[in-house]
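[1] Structure for this input, please:
(2 chains)
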Protein chains: 2
Amino acid sequence: MVPIMEDKFARRMRCMQPSSIRETLKVTEQPDVISFAGGLPAAELFPVQDVRAAADAVFAEIGARALQYGVTDGVRSLRERIATEMGERGVACTADDVLVTTGSQQSLDLIGKVFLNPDDVIITENPTYLAAIQSFQCFEARFVPAPTDDDGIDPDAVDRLASRVKARFVYVIPNFQNPTGRTLSAERRRALYEVAVKRNLTIVEDDPYGKLRYRGEAIAPIKSFDKEGRVVYLSTFSKTVAPGFRTGWAVAPADIRTRLVIAKQAADLHTSSLDQLILERYLRDFDNARHVERVRAAYGERYACMDAALTELMPEGYTWTRPDGGMFLWVTGPKGLDTTVLFRAALERKVAFIPGRDFFPDGAGSECMRLNFSNASMQLIKEGVSRLAELCRR
Amino acid sequence: MVPIMEDKFARRMRCMQPSSIRETLKVTEQPDVISFAGGLPAAELFPVQDVRAAADAVFAEIGARALQYGVTDGVRSLRERIATEMGERGVACTADDVLVTTGSQQSLDLIGKVFLNPDDVIITENPTYLAAIQSFQCFEARFVPAPTDDDGIDPDAVDRLASRVKARFVYVIPNFQNPTGRTLSAERRRALYEVAVKRNLTIVEDDPYGKLRYRGEAIAPIKSFDKEGRVVYLSTFSKTVAPGFRTGWAVAPADIRTRLVIAKQAADLHTSSLDQLILERYLRDFDNARHVERVRAAYGERYACMDAALTELMPEGYTWTRPDGGMFLWVTGPKGLDTTVLFRAALERKVAFIPGRDFFPDGAGSECMRLNFSNASMQLIKEGVSRLAELCRR
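    Numbering: from 1, shown residues only, chains lettered A, B, ... in the order given. Next comes the predicted model:
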């Protein structure tokens, strides 16, 4: 028997009710708390003055049209830039393959709408992205988590699961996964795609962090060898420029893209015209590759700082992932640890993280926690890890 | 028997497939077509230079925080301004009652998510807003249209319908309705609310156009006498400032608002921080009431121009509504007229409108058409009506 999680009644309610974690996280926003809990990029690195100049150029040169309704697909010139960027990532596509979305989060919602009926099954990494679980839960999906190790999701396990249950799609975050920081190896990307072909599955490849690699070589996306039109690839400007724009994109096979566009029209008509045009102008007039390079370097330093502090201070029995990029690492404590309890103690010591359990569709992970390192200075990272390690040593 | 429209299978598919009208409307975007089809505000009236100055002030004074993630509820200072605006509309509320949405369209989507299970019934005006039908269809709702006349939806009919079918909510556009331009009278607003109390119904009051009144006195929203927390009120900056921001709002009873916030978090995390802050700054630094006054005056002139042209040129057997505000009027032709056929002939004569049928959940309305008058100069309005009337006289 494949484990099918949660009863039907609980599912939609869970999406619609405030989770305890959501409530508690508000506490972490207090200014004296050192928070490794959120997933915020470092605001001090945002290219504010360049974006300001781009915005002014949009008002001066485009004017009223920048404030008018636009087409649901997104501003064409921005979609062209995204298509070029996709080419650099190894995916040959044109502006017609791209759909601009209101953040990558919206793609998850639209995919839910287009693909999911109640009780439909999604195969996921274990653990997986909290907000993807929430999005798909709104459509009363069931989650079948596949075993996942340091090289990412196990394609053989996906094959076995898919032989026993009809899955609507496989959802994976291949680069510096949220929450673990792990990367799906090149071999496994190929193998996962082969499984998808064999089992007639769609793959949703969610890649918000791929450009944030601070060591090693980039690995081509699964989408890059998608000859059959089985992969919906998602990304965003949230991590490479700034998240406040709420501008992301999907590259999807034509039949799926058409339905995503129609679902988006019903969801919000289109993404902000102004934000799309400012982004397009910024990407045209300024050297965003250099900006991303600075972000990567800073996150690499912060990761190294957190890793060193953990190595120095954490007691026996704690291990953690060593990501090659992204914004998170994943700590696993000794058996019997309940990080939900630890979380409350940590808040009293003015340090915060996210307990592991919320990332596991099957309710496992009570000995795990996610630490974010992109949004704190090195000094605060050292101090925060020191407070946390002290609690773990008790 | 209450008429329940459409079979279950067709419903979701219809939302997910491109409608013929959606495809055909692309033709109306050709520059030589005089289009009364869309619902675009007049871009030449947008306060571009004021918005530009507001944007620059946001970059200068708020900087990076304007580009960072924000809370799902929306920027607090903007919600405070919205609460003040609501007070001026007769609804006492605070920032805590307001949820900022990605356009008013998103509210419809979130309401669908929070309220609707497949086969749930919505009572609507007949005809009603096309994009609301599409949004709710995504959740496989059924529509029960209530008789509607020059004073809006008939509360007695709603009462009778609600006695025979369990409806999830009543959806109404009280001011200068889309597509008819009709306004729900003050008496009927009271009566509809009483029916909602008696039948334990929620009312979704969608008010994008209320500020665009060019004659007569404003009528208080249904929400203004909502003692019981039964009314979800929706509005937007799309018609009073500009639609490109995709920024609207909902004012909802606490229990409903909490669920809308959670649904929004799963849908797009939050609305663009930058757009919200620019709007807030624009509303603070500039006289938007004066701007709205200019828009009202212009739309009033354009309406009068279209009404005069129709009066002069349309043949016997055609009647139309005489809205006190908004952007649309509604033409009803003689029995047997098929405006879908007329539409194709009109496109050949380079003039466009929207055929009535798409606004009727029950498929009626083939002799009707919606004409938009906000987005064409008076000269083009005259020329367009002349072309249309010539076709009608044939």
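
[2] From what I see, A:Asn288 and A:Phe237 are in contact.
    No: assessed by Cβ atoms under 8 Å, A:Asn288 is found out of contact with A:Phe237, at 9.2 Å. C-betas here are computed from N, CA, C, even on glycine.

[3] When those two are compared, which one has more neighbours?
    A direct count of neighbours by other Cβ atoms under 10 Å in any protein chain shown for A:Asn288 and A:Phe237 places A:Phe237 higher, at 27 against 20.

[4] With adjacent residues omitted, what lies nearest to that one?
    Once flanking residues are discounted, A:Phe237 sits nearest to A:Thr247: 5.1 Å by Cβ to Cβ, 6 or more residues apart in numbering or on different chains.

[5] residue contacts, that neighbour?
    A:100-103, A:236-238, A:271-272, A:275-276, A:279, B:272 (Cβ atoms under 8 Å, 6 or more residues apart in numbering or on different chains).

[6] Could you do A:Thr183 as well?
    Residues near A:Thr183 by Cβ under 8 Å, 6+ apart: A:151-152, A:174-177, A:219, A:323-325.

[7] Looking at those, which one is closest to B:Lys223?
    The shortest approach to B:Lys223 among these belongs to A:Gln177, at 44.7 Å (Cβ to Cβ).

[8] would that closest one count as being in a strand?
    No: looking at A:Gln177 with DSSP: H, G, I helix; E, B strand; the rest coil, it is coil, so not inside a strand.

[9] close to chain B, is the helix ranked longest in chain A?
    Ranked by number of residues, the top helix in chain A under DSSP state H is helix A:288-313. No: using Cβ under 8 Å from any Cβ of the partner chain, no contact is recorded between helix A:288-313 and chain B, whose separation bottoms out at 12.4 Å.

[10] Which other helices and strands does that helix contact?
    strand A:328-332, helix A:378-393 (3 or more Cβ pairs under 8 Å, 6 or more residues apart in numbering or on different chains; DSSP states H and E).

[11] I'd like to know which elements the longest one is packed against.
    Just to be clear, that refers to helix A:378-393. strand A:34-35, helix A:288-313, helix A:339-348, strand A:351-352.

[12] Present these as TSV; the columns should include distance to A:Val121.
    Output for those, formatted as TSV (distance: least, Cβ to Cβ, whole Å):
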stretch	distance to A:Val121
strand A:34-35	35
helix A:288-313	35
helix A:339-348	27
strand A:351-352	34
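
[13] that older thread, just name the most buried of the helices and strands packed on helix A:288-313.
    Stretch with highest mean neighbour count among these: strand A:328-332 (a mean of 22; mean count of other Cβ atoms under 10 Å in any protein chain shown).

[14] is chain B contacted by that one?
    No: judged by Cβ under 8 Å from any Cβ, strand A:328-332 stays clear of chain B, getting no closer than 15.1 Å.

[15] Please name the strands paired to that strand in the sheet, noting orientation.
    strand A:319-320 (antiparallel), strand A:368-372 (antiparallel) (DSSP bridges).

[16] Of all the ones you listed, which one is nearest A:Leu161?
    Of the strands paired with strand A:328-332, nearest to A:Leu161 by Cβ to Cβ is strand A:368-372, at 21.9 Å.

[17] Identify all contacting residues around that closest one.
    A:35-40, A:127, A:178-180, A:306, A:320, A:327-333, A:339, A:342-343, A:353-357, A:359.

[18] centre of the chain versus it, how much separation?
    How far strand A:368-372 lies from its chain's middle: 14 Å, per Cα atoms, centre = their mean, to the nearest Å.

[19] contacting residues around A:Ala186?
    By Cβ under 8 Å, 6+ apart, the neighbours of A:Ala186 are A:219-220.

[20] at 7 Å instead, please
    A:Ile219 (Cβ atoms under 7 Å, 6 or more residues apart in numbering or on different chains).

[21] what secondary structure does A:Leu99 sit in?
    Counting by three-state DSSP, the backbone at A:Leu99 sits in strand.

[22] Please report how far it lies from chain B.
    For A:Leu99, the distance to chain B equals 14 Å [Cβ to the nearest Cβ, to the nearest Å].

[23] same deal with A:Ser35?
    From A:Ser35 to chain B the distance is 13 Å (Cβ to the nearest Cβ).

[24] most neighbours per residue, which of the helices and strands packed on helix A:378-393?
    It is strand A:351-352: most buried of these by mean count of other Cβ under 10 Å, with a mean of 26.

[25] Can you give me the end-to-end span of stretch A:237-255?
    The first and last residues of stretch A:237-255 sit 25 Å apart, counting by Cα to Cα, to the nearest Å.

[26] Buried residues, it. List them.
    Residues of stretch A:237-255 classed as buried by neighbour count (16 or more other Cβ atoms under 10 Å in any protein chain shown): A:237-252.

[27] domains for chain A, by residue range?
    According to automatic domain parsing, chain A comprises the domains A:8-46+A:290-393, A:48-285.

[28] In terms of mean pLDDT, which of these ranks lowest?
    For the domains of chain A, the weakest mean pLDDT is recorded on domain A:8-46+A:290-393, namely a mean of 90.

[29] tell me the contacts of A:Glu201?
    Just to correct that, residue A:201 is Leu rather than Glu. A:162, A:167, A:169-170.

[30] 10 Å instead?
    Shown in contact with A:Leu201 (Cβ atoms under 10 Å, 6 or more residues apart in numbering or on different chains): A:123, A:158-159, A:162, A:166-170, A:192-193, A:195, A:230.

[31] helix/strand/coil for the residue lying closest to A:Phe115 once chain neighbours are set aside?
    Nearest residue to A:Phe115 in three dimensions, chain neighbours excluded: A:Arg168, at 4.9 Å (Cβ to Cβ, 6+ apart). Look at A:Arg168: counting by three-state DSSP, its state is strand.

[32] surely A:Arg168 meets A:Asn117?
    Yes: using Cβ atoms under 10 Å, A:Arg168 is in contact with A:Asn117, at 8.4 Å.

[33] anything in contact with each of those two?
    Shared contacts of A:Arg168 and A:Asn117, counting by Cβ under 10 Å, 6+ apart, come down to A:139, A:141.

[34] Looking at the two, which is more packed in?
    A:Arg168 (22 against 12).

[35] The residue of the stretch 251-394 of chain A found nearest chain B: neighbour count?
    Per Cβ to the nearest Cβ, A:Ser273 is where the stretch 251-394 of chain A lies closest to chain B, at 3.5 Å. Look at A:Ser273: counted by other Cβ under 10 Å, it has 25 neighbours.

[36] So in terms of bridging, what pairs with A:Glu125?
    The partner list for A:Glu125 in beta bridges (DSSP bridges) reads A:Ala146.

[37] if I pick it, what's in contact with it?
    Contacts of A:Glu125 by Cβ under 10 Å, 6+ apart are A:132, A:145-148, A:152-154, A:158, A:170-174, A:177-180, A:182, A:184, A:359, A:361.

[38] sorry, back to before: could the helices and strands packed on helix A:288-313 go into JSON lines alongside distance to B:Leu78?
    As requested, the helices and strands packed on helix A:288-313 are arranged in JSON lines below (distance: least, Cβ to Cβ, whole Å):
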{"stretch": "strand A:328-332", "distance to B:Leu78": "31"}
{"stretch": "helix A:378-393", "distance to B:Leu78": "30"}
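
[39] So which of those is nearest B:Ser107?
    B:Ser107 lies closest to strand A:328-332 among the helices and strands packed on helix A:288-313, at 32.9 Å (Cβ to Cβ).

[40] Might you calculate how far the closest one sits from the centre of the chain?
    Distance of strand A:328-332 from the chain centroid (Cα atoms, centre = their mean) equals 15 Å.

[41] what's the answer for stretch A:325-334, then?
    Computed by Cα atoms, centre = their mean, the chain-centroid distance of stretch A:325-334 equals 14 Å.

[42] Distance from the longest helix of chain A to the middle of the chain?
    The answer for helix A:288-313 is 18 Å, by Cα atoms, centre = their mean.

[43] what does stretch A:127-141 give?
    Taking mean C-alpha positions (Cα atoms, centre = their mean), stretch A:127-141 and its chain are 12 Å apart.
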